[in-house]
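Student: What follows is a protein structure lacking sequence information:
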């Protein structure tokens, strides 16, 4: 499966979910799930608004990105 890789990091104000390779695409939430869900909404809004997005990547790349960025969780999102 291909999708957009999200790396989640824990911060004092909650969890930050950043969509790798998509500038200004991320979100903050009180839980990992909330942060990922909000990032998904931002990504889908960007796609609907016609923003240029990079090509989706294989989901296996998520593991490497989480490790490289010292994240606590990861996800692979698809644009609806």
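Tutor: Yep, that arrived. A quick note: this is a predicted structure, and the numbers were derived from the prediction, not measured.
Student: Apart from its chain neighbours, what residue comes closest to residue 62?
Tutor: residue 74 (4.4 Å; C-beta to C-beta, 6 or more residues apart in numbering). (C-beta placed from N, C-alpha, C; glycine too.)
Student: Beta-bridge partners for the one you found, please?
Tutor: Bridge pairing for residue 74 (DSSP bridges) gives the partners residue 7.
Student: quick one: it and residue 52, what's the gap?
Tutor: Per C-beta to C-beta, to the nearest Å, residue 74 is found 24 Å from residue 52.
Student: and if you look at residue 36?
Tutor: 23 Å.
Student: buried sites along the helix or strand harbouring residue 33?
Tutor: In this assignment (DSSP states H and E), residue 33 forms part of helix 32-48. For helix 32-48, burial by neighbour count (16 or more other C-beta atoms under 10 Å) applies to 32, 35, 36, 38, 39, 40, 42, 43, 46.
Student: pLDDT (mean, whole number) over stretch 70-80?
Tutor: Averaged over stretch 70-80, pLDDT sits at 93.
Student: What count of nearby residues applies to residue 68?
Tutor: Applying other C-beta atoms under 10 Å, we find 10 residues neighbouring residue 68.
Student: where's the residue located most distally from the centre of the chain relative to residue 19, distance?
Tutor: Farthest-out residue of the chain from its mean C-alpha position, per C-alpha atoms, centre = their mean: residue 12, at 19.0 Å. Look at residue 12 and residue 19: by C-beta to C-beta, they are 22 Å apart.
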